[in-house]
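Engineer: Below are the sequence and a predicted model for it; my questions follow.
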Amino acid sequence: MATFYALAYVCLTIIIANFLTQAFPKMPQALWQIIGGILLASLPVINKFVIMLDPEWFMMLVIAPLLFYEGQRTQAKLISKHFRSIIELAGVLAVLTVVVLMTFGHFAIGWALPFALALAAIVTPTDATALESVTNGLDMPKNIKRSLSLESLFNDATGLVILELAILWMNTGKFSFVHGFGQFLIVAIGGVVAGGVAGFIYIYLRQHLLKGEFDDTVAHVLIYFIAPIIVFGISEHVLGVSGIIAVVVMGVMSNIEQQQTQFMAPKLNHLTLQLTDIIAQLLNGLVFVLLGTSLVKVAKEYILQPVRTWLTLIGMGLALYIVMTVFRYLARRYSDRRSNDPNTKMDSFVFAIGGVHGAVTMSMAFSLPFTLSHGVAFTERNDLLLVASTVIILSLLVPVILLPKLLKRSAPSFEESAYVQVHTSMVNVAIAYVSDVETSQNTKHEVMKQLQDQLGYSDLQINKSERKQAYRTLFEVADNAMAKATENSAVSDQALMLYNRMQSLQNGFGKIGKHRFKIWQGLIKRLFIHKSINNQKLRAYSHSQAVEEVINIMNTAMTDYIQQLPKETDNPRQLIALRNAYTQQQAMLQNQKSNSSDQQRILLEAFQAELTYIQEQRASGDSNPSLLKTLYDEVINAEAITLANSVEE
C-alpha cells in the first residue's frame, strides 16, 4: 500500500502543479512541479510515502523512455544535416566544459581532481525537457533552440561515461587519458550500433506483424512503450555501451519508419502519438516532482550543519554555474566567429543560459557510491549532491528571470477573437444544415444540442440571456402572424383564445405588446360587436382543432422567418440561438419522438457540412491555416467518436 499511496501523492502533485501553471502561466510548469515535490517531501503527514527511485531504475524507467520519445520527434535528416554540430555540442563542448569545471574545482575550490571530475561530469549534461518548460511561450531563436535540443539528446551519454571514469579514478587512484578516451568511443559508438540494431529489429517486427494482420492495438502499444526500457537495459547492463545513445538512435529510426508507413496503420499510429504525448507529460511531471523531493533529501543532510558549511557549498555551486555559463557563452561566440548576424552576442548569451540542468544531473549525483572500493566512506558525496542541487536550481531560475526580458513572447498563431468567430460560424453552418433536413423536430433539436456542445464549456456557449432573446424574437414573429390572421379573419375565435392563454402562461400576465393588443382587439370585436358568431358552432369546435390551427399559423410564420436567415453573419451566435429555440419550440408543439439512428446519420452529415465550410475557408484564404487545422482536428475527432458510438449501438 505504501507504493500505491506514494504514486497517488505524486500524481496529485502533478495535477495541482499543472492547474497552477494554467492559473499562473508566467511561472514555468517545471518550477511548480519542483515546488510540489518539495512540499510533498516536507509535510510530516505524507513525507513517509515519498518515492526515492534507485538512480539506475530511474534512468531506465523514466529517462530512457523520455529520450526515446525525444528521438522519435527528431527527423533523421536533421541529425545528418547537423551531425558535425552534434559532435561539437555533445562531444567537444561537453568534454571541454568538464575540463574547465574540473580545473576550476581543483585550483579555485581545492577539491581533489577525481572529485572535481565527478562533479564536472554531473553538472555538464543539459535537459531538453527542463529547457522546454522554462522557455514555454517565448520566441526562442530557431538555431539556438535546435542547438540546445540536439545537445541535450546526446550529452547525457558523455556525462555518464566521464562520471564512470571519475569513480574508477577515485577507486584506483589512477587515471589514463588514452584509456578514458578509448572507453568513451567504445561506449558512444557501441550505443549507436546497439540503437541501430534495436531500431531495425523493432521496425522489422512491427511491419511483419501488421502485414500478417496481427494488428492488436493493445499489443502494439505495449511493444512501443516497453521497447526503450528493454533496449536501455540490454545496452547498459549486457553490452556495456551507452543506453542513452541507443534509445535516442532507436527513436530516430522509429521516426523514419512512421513517416514512411503512417497510412498503413493510421488508427494505431494516431493512438500511439496521442498516448506518447500523455505519457511524456506524465513522466516529465514525475521527473520534476522527484527532483523536488530529492532537493529536500539533500537539504536534510545539512539541516544540522553550521550555516557557514552549507553556505560555502552553495557558493561553490554558484561559482561553478557562473564559470560554466561564461564558458558556454565564449564557446558559442567562437563557433559563430565567421557569422555576419548582428544578433550573435544575444544568441550566444541565450545559448549559455539555455543549458538547463534537470533530472539527469540529479540522477547522476545520486548514483555516486556511499563507499569506495577499498572500504573508505565517500565523505564528499553529500557535498557533491548539494553543489549539484545548487547548479540545477540556478540553471532553472536564471532563464526564468532573464529570458522573458531578452526574448519576445511568442505570438499566437491566431487571435482568440478570430477563433471564436470562425468556430461559431462553423457550428452555425452545421445547425443551419440540420434545420433544413427532413426529419422530426425532436431529432433536429437533439442533434443541434450535440452540435452546440462543440462550443465547449467556455464563454462560446450560448448563454441564458441569448436564449431568452431568441425566444422573445420568435414569440414576436408568432404574435405578428396571429395579429395579421386576426385582421384578415383567417383564424377562429377558439384558436385566438387558446393562443392568448398560451402566451399569457408563457410570458406572465400584464405583458401585452402591440401585436397582442391587436389580437385581443380583434377577439373582442368578434365576440361582442359582431353578432354573426354562431355560439353553438363555437362550442362544437374541438380543442384539438384549435391547437392544430394555432400550430399551423405559428409554424408557417416561424419557418418563413428561420428560412430567410442568412447562413453566415457577423453574429453567428444569434443565429444558433434562434435555430435552437425554433427547433425546441417545434419539438414541443409536435410532440414527435426522436430516432437515435436518424440522430447519428444527421450528426455525421452536419460534421461533413462543417468540414466543407473549413475547406471553403481555406480555399478563400480568409482564415488562418493554423486556426482551420485546429477546427479540422476537432471535427474529425467528434466524427470518430460518433462513428464509434454508432458501431457500439
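Structural biologist: Great, that's in hand.
Engineer: contacts, neighbours, all on C-alpha from now
Structural biologist: OK.
Engineer: gap between the closest residue in space to Val98 that isn't next to it in sequence and Trp310?
Structural biologist: In space, not counting the residues next to it along the chain, Val98 is nearest to Ala120; the distance is 4.9 Å by CA to CA, 6 or more residues apart in numbering. Using CA to CA, to the nearest Å, one obtains 19 Å as the distance from Ala120 to Trp310.
Engineer: just to revisit the earlier point, what distance do you get for the residue nearest to Val98 to Thr443?
Structural biologist: Counting by CA to CA - Ala120 and Thr443 are separated by 70 Å.
Engineer: Those two: which is more packed in?
Structural biologist: Neighbours were tallied for Ala120 and for Thr443 using other CA atoms under 10 Å; the higher tally belongs to Ala120 (30 against 25).
Engineer: Just the element for that one, please.
Structural biologist: When secondary structure is defined using DSSP states H and E, the element that contains Ala120 is helix 113-123.
Engineer: what does that helix contact?
Structural biologist: For helix 113-123, the surrounding residues in contact (CA atoms under 8 Å, 6 or more residues apart in numbering) are 97-99, 101-103, 105-106, 159-160, 162-163, 166-167, 169-170, 357, 361-362, 364-365, 380, 384, 388, 391-392.
Engineer: Stretch 332-352 now?
Structural biologist: For stretch 332-352, the external contacting residues (CA under 8 Å, 6+ apart) are Pro141, Ile144, Leu148, Thr325, Val326, Phe327, Arg328, Tyr329, Leu330, Leu403.
Engineer: Could you pick out the one among those residues with the lowest pLDDT?
Structural biologist: Within these, Pro141 has the lowest pLDDT, namely 84.
Engineer: Near that residue, how many other residues are there?
Structural biologist: By the other CA under 10 Å criterion, the neighbourhood of Pro141 contains 14 residues.
Engineer: One more: Ile401?
Structural biologist: The number of residues near Ile401, taken as other CA under 10 Å, comes to 12.
Engineer: likewise Leu407?
Structural biologist: One way to gauge burial is a neighbour count; for Leu407, by other CA under 10 Å, it gives 16.
Engineer: for it, what are its contacts?
Structural biologist: For Leu407, the set of contacting residues under the criterion of CA under 8 Å, 6+ apart consists of Leu138, Asp139, Met140.
Engineer: out of those residues, who's nearest Ser465?
Structural biologist: Leu138 (39.1 Å; CA to CA).
Engineer: Distance check, the closest one against Lys300.
Structural biologist: Here Leu138 is placed at a distance of 36 Å from Lys300 (CA to CA).
Engineer: Show me which of the two is the more surrounded one.
Structural biologist: The neighbour count for Leu138 versus Lys300, taken as other CA under 10 Å, is higher for Leu138 (16 against 12).
Engineer: Tell me the bridge partners for that one.
Structural biologist: Leu138 forms beta bridges with Arg409, as assigned by DSSP bridges.
Engineer: gap between it and Pro625?
Structural biologist: 21 Å.
Engineer: do the same with Leu271
Structural biologist: Applying CA to CA, one obtains 24 Å for the distance of Leu271 from Pro625.
Engineer: Then Val192?
Structural biologist: Using CA to CA, which is the criterion applied here, Val192 is 39 Å from Pro625.
Engineer: for the record, mean pLDDT for the lengthiest helix in the chain?
Structural biologist: Determined from DSSP state H, the single longest helix within the chain is helix 266-302. Averaging pLDDT along helix 266-302 gives 82.
Engineer: Next: stretch 249-260.
Structural biologist: 83.
Engineer: hmm, who's touching it?
Structural biologist: Stretch 249-260 is contacted by residues 67-76, 192, 195-196, 198-200, 203, 228, 269 when judged by CA under 8 Å, 6+ apart.
Engineer: Quick one: buried ones out of those?
Structural biologist: 67-72, 74-76, 192, 195-196, 198-200, 203, 228, 269 (16 or more other CA atoms under 10 Å).
Engineer: Sort out for me which of the residues you listed are in helices.
Structural biologist: Going by DSSP H, the helices hold 67-72, 76, 192, 195-196, 198-200, 203, 228, 269 from these.
Engineer: residue contacts, Thr85?
Structural biologist: Let me fix one detail, which is that residue 85 is Ser and not Thr. Counting by CA under 8 Å, 6+ apart, Ser85 makes contact with Ser147.
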